[in-house]
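Visitor: I'd like to go over a predicted model; first the sequence, then the structure.
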Amino acid sequence: MGAGVVEMVVWRVPKPVPPSDHGFKYRLVYVVGGVRVVGYDNERGKGDHRHLGERESVYRFVDVPTLLADFLADVERAG
């Protein structure tokens with residue numbers, strides 16, 4: 001990992017955050033110099049997705065351990 005900040009927050013929620021179909025709300029971010037380099041979240045209305053630099057793409061949520069591993073792998077690649 002480069003010289004940056006990683007923040008990982010995962011909540012178990014009583015109902016899925018639409019359009020996600022699982023019981024978790026999350027935000028994972030890697031920031032360098034005040035700029036988001038990698039981000040994963042499941043924002044209401046957008047569902048599970050990730051940000052790699054300026055590019056945004058759909059993320060296929062499997063489970064929390066896979067989410068964390070995928071995020072950290074992207075951080076390593078970006079770092």
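Guide: Nice, thanks for sending it over. Numbering: from 1, shown residues only.

Visitor: Roughly how far does the residue sitting furthest away from the middle of the chain sit from residue 25?
Guide: If you look at how far each residue of the chain sits from its centre, by C-alpha atoms, centre = their mean, the farthest one is residue 14, at 19.8 Å. Per C-beta to C-beta, to the nearest Å, residue 14 is found 10 Å from residue 25. (C-beta placed from N, C-alpha, C; glycine too.)

Visitor: what's the distance between stretch 39-49 and the middle of its chain?
Guide: Mean-position distance between stretch 39-49 and its chain equals 8 Å (C-alpha atoms, centre = their mean, to the nearest Å).

Visitor: what comes up buried for it?
Guide: By neighbour count on 16 or more other C-beta atoms under 10 Å, the buried set for stretch 39-49 is 39-42, 47-49.

Visitor: That one: end-to-end distance?
Guide: End-to-end span of stretch 39-49 (C-alpha to C-alpha, to the nearest Å): 8 Å.

Visitor: how about the residue most central in space within the chain, what does it touch?
Guide: In the chain, the residue lying closest to the centroid (C-alpha atoms, centre = their mean) is residue 40, at 1.6 Å. By C-beta atoms under 8 Å, 6 or more residues apart in numbering, the residues touching residue 40 are 26-29, 48-51, 59, 67, 70-71.
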